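Novice: Task: produce atomic coordinates for the following.
(2 chains)
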Amino acid sequence: MHRLEMLRRVTAGTLGAGLLIVFATLSGASRLQAEPYEVRVGARHPDFTLPSIEDGKPVSLSSFRGKKVLLIHFASW
Amino acid sequence: MLGVIQEQHPQRCRLFAQWKQLDFPIVQDPINAIGPRVVPIFVAIDEHGIVRDTRPNLAAFEQQFLARPFQDDAPPVETKLTPPPRLASAEMPKGPDRAASDYRDYGDALALWGEPDRADDVLKAYNRAIQQGDDSGESHFRRGVVLLRRWETSNRHPEDFQKAVESWEQALARQPNHYIWRRRIQQYGPRLDKPYPFYDWVQQARDDIEARGETPVLLDTEPSGAELAAPARFRQSAATAEPDPEGRITRDDGLVQVETAGVPSRVAAGKVGRMHVVFRPQSERKAHWDADATELRLWVEAPEGWQLETQSPQASDVRSPNASRKIEFEFQVPESVQPGHYVLPAYALYFVCEDETGSCRFVRQDLNLSVQIKE
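Specialist: Residues are numbered from 1 along each chain as shown, chains lettered A, B, ... in the order given. Coordinates of the predicted model:
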C-alpha cells in the first residue's frame, strides 16, 4: 500500500464514520496482504515515543491511555 | 487515531497530510524502530493499552471496538520499542563490557532525537553495535538511513549514498521479506524494480494546496529522478551523436566534484541497474552554475553487449547556482557477463563559473562509472 486515500476529514464529531471511511479506502487500495504486526491480541502494546512530524516534539503511545487508539503504520508512497 | 510514518523523509508525509487534510497526530519512524515490515498496518488498542485487533473488520469496527467497553485484563508490559529521548543527550557508551544493544539504543536515540549534525556520532554507535555482534538487519538498515541523511547535508562523505544502498542491501539479505526495507532500495533503484511510483503525487499536492489558498509545506529534500519515475521496462533510446569525440573540450580543473552510486550496488547478470551521478560546484573555488547556459549532460560508453537507456542523459535545469545537480540513467547488463568490477567510461559537459564575477566556461570532466556484477 503506497498511500492513504482519505475521502474526507476525520473530525472528533464524526470519528467513527471517518474511521470507517479510512478503512474502506485503505483496504480497497492495498496492494499487499498486511502481515501480522509483532504485537499479540490480548496483550498490552509496548510503549514507544517518536517525534511528531509537525514540530518534532515527543509523542508517546502511553499518553493516549484512557482513550481507544487506532494505530496506523503507513507511508505516503 | 495515531499515525506512524515509515519514510526516509518525514517532511514529505507532512506535505501529504496537509494535502489530504489529515488532522490526527502523526509521528515519524524513519529508522523503522518500531519494526513493522509492511504498511499499512492497523492496530486497534483499547483504553487500557491492550491490543484488541490487528485486522479490523470494516463492517463491524464500530460495534466490535469503538462502542464496546473492555476490561483491563492483560499483564503490564515493560518492553519499550524506542529509547527515551533523554538518551540522545548522554555520551556514547564506553568501556569494554558494554553490550551491542547499548550502542544501538544510543544510535537510535541520536537518530530520532539528536541534531542533524550528530550523524557522525550515530554512525559510530551503529558501527560499534555491529562490531560488538549486533549484525542484525535492523542495525544495517538504520545505518543506511543515517548515511543517506548525512549525504544530504553539507557534512556528507562522497561515498555515503553508495554505502547507504549497501547497508540496506545487507539488511534485506538478512530479512528478505521486509517490505519497508525493500522499498527503501526501490526508492532509488531501476524503474523495473518499482511496483509503483514513490513521490509522483508531490506536484499535484502542491497545486491542490495552493488552489485552496494555503502555502504547501516546504520539503527539506526534493524528490527527484528515481523517486519520481513510474515503473517501466528497460528501453534503449535512439542513438545520438557523440558531442566531443576528439576530446577537444577543456577539462575542468576542480570546479565541480562528481559523486556516483549504483543501485543496486551489485547488479546480477541480465538485470538492470540505475546509476546516480551527482555534480557539486566547489564552494572553495566559489564555483557555481552558469544561469544563462544550463546544459549538463553525460556521454557514456558501454562495454560490448551492455545496453544503456540513453548514451547521453541530461540533468534538469539549474534550481539554484550553487545547488548540486544529478543525472540518473539505467543500464542493462548482458546475461553472459562474469562477476567482477566493470567501468562505464564517460564524460560530462557543462557550463560552470568561478568566483562571483569570474569567467564562465564550458568544460569537460572525464569519469569512470563503476559497476559491480554479482557473484
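Novice: separation between residue B:43 and chain A?
Specialist: 4 Å (CB to the nearest CB, to the nearest Å). Placement of C-beta: from N, CA and C, glycine included.
Novice: Show me the helices in chain A, by range?
Specialist: Ranges of helices in chain A, per DSSP state H, are A:15-29.
Novice: shaky segments in it?
Specialist: Within chain A, the stretches with pLDDT under 70 are A:1-37.
Novice: give me the number of residues near residue 49?
Specialist: Picked chain A for this. Other residues near residue A:49 come to 20 when the count uses other CB atoms under 10 Å in any protein chain shown.
Novice: that's the wrong chain, I wanted chain B
Specialist: Neighbour tally, residue B:49, other CB under 10 Å: 21.
Novice: Quick check: nearest residue in space to residue B:75, chain neighbours excluded?
Specialist: residue A:44 (7.3 Å; CB to CB, 6 or more residues apart in numbering or on different chains).
Novice: measure the one you found to residue B:371 for me?
Specialist: 50 Å (CB to CB, to the nearest Å).
Novice: what's in contact with stretch B:90-97?
Specialist: With CB atoms under 8 Å, 6 or more residues apart in numbering or on different chains as the test, stretch B:90-97 has contacts from B:102, B:103, B:106, B:109, B:121, B:124, B:125, B:128.
Novice: before we move on, what about stretch B:135-142?
Specialist: Identification of contacts with stretch B:135-142 by CB under 8 Å, 6+ apart yields B:31-33, B:35, B:104, B:107-108, B:111, B:126, B:129-130, B:167-168, B:170-175, B:178, B:181, B:184.
Novice: where along chain B do the helices fall?
Specialist: Under DSSP H, chain B gives helices at B:10-20, B:61, B:100-113, B:119-131, B:137-151, B:160-174, B:179-186, B:202-211.
Novice: what is the mean pLDDT for the fourth one?
Specialist: Going back to what we said before, that points to helix B:119-131. Averaging pLDDT along helix B:119-131 yields 95.
Novice: ok now it, how far from the chain's centre?
Specialist: On the basis of CA atoms, centre = their mean, to the nearest Å, helix B:119-131 sits 19 Å off its chain's mean C-alpha point.
Novice: Also the third one?
Specialist: Helix B:100-113 sits 20 Å away from the centroid of its parent chain (CA atoms, centre = their mean).
Novice: Now tell me what touches that helix from outside.
Specialist: A:50-51, A:58, B:30-31, B:33, B:82-85, B:87-88, B:90, B:92-93, B:118, B:121-123, B:125-126, B:128-130, B:132-134, B:138-139, B:142, B:145-146.
Novice: Which among these count as buried?
Specialist: A:50-51, A:58, B:30-31, B:33, B:82-83, B:85, B:87-88, B:93, B:118, B:121-123, B:125-126, B:128-130, B:132, B:134, B:138-139, B:142, B:145-146 (16 or more other CB atoms under 10 Å in any protein chain shown).
Novice: For the longest strand along chain A, which helices and strands make contact with it?
Specialist: For chain A, the strand with the greatest residue count under DSSP state E is strand A:69-74. Packing contacts for strand A:69-74, counted by 3 or more CB pairs under 8 Å, 6 or more residues apart in numbering or on different chains; DSSP states H and E, involve strand B:2-5, strand B:41-45.
Novice: angle of it against helix B:10-20?
Specialist: 110 degrees (axes from the mean of the first three to the mean of the last three CA atoms, to 10 degrees).
Novice: so what strands line up beside strand A:69-74?
Specialist: Strand A:69-74 sits in its sheet next to strand B:2-5 (parallel), strand B:41-45 (antiparallel), going by DSSP bridges.
Novice: which stretch in those strands is the model least sure about?
Specialist: Checking each of these, the one with the poorest mean pLDDT is strand B:41-45, at a mean of 91.
Novice: just how off-centre is that one within its chain?
Specialist: 28 Å.
Novice: Once you drop chain neighbours, what's closest to the residue of the stretch 101-250 of chain B found nearest chain A?
Specialist: Relative to chain A, the nearest point of the stretch 101-250 of chain B is residue B:198 (4.1 Å; CB to the nearest CB). Nearest residue to residue B:198, sequence neighbours excluded (CB to CB, 6+ apart): residue A:77, at 4.1 Å.
Novice: What count of nearby residues applies to that neighbour?
Specialist: By the measure other CB under 10 Å, the count of residues near residue A:77 is 25.
Novice: Please tell me how far the nearest residue to residue B:169 once chain neighbours are set aside sits from residue B:63.
Specialist: Excluding the flanking residues, the one nearest residue B:169 by CB to CB, 6+ apart is residue B:265, at 5.9 Å. Distance of residue B:265 to residue B:63, given as CB to CB: 51 Å.
Novice: Just want to know which of the two has more residues nearby.
Specialist: Under the criterion of other CB under 10 Å, the comparison of residue B:265 against residue B:63 puts residue B:265 first, with 21 against 10.
Novice: Can you show me the strands along chain A?
Specialist: Using DSSP E, strands in chain A cover A:49-51, A:58-60, A:69-74.
Novice: Just give the strands next to the second one in its sheet, each with its orientation.
Specialist: Same thing as strand A:58-60. Per DSSP bridges, strand A:58-60 is paired in its sheet with strand A:49-51 (antiparallel).
Novice: And for the strand it pairs with, what's in contact with it?
Specialist: Strand A:49-51 is contacted from outside by A:57-61, B:4, B:10, B:27-29, B:33-34, B:80, B:82, B:84-85, B:112-113, using CB under 8 Å, 6+ apart.
Novice: Just the buried ones among those residues, please.
Specialist: A:58-61, B:4, B:10, B:27-29, B:33-34, B:82, B:85, B:112-113.
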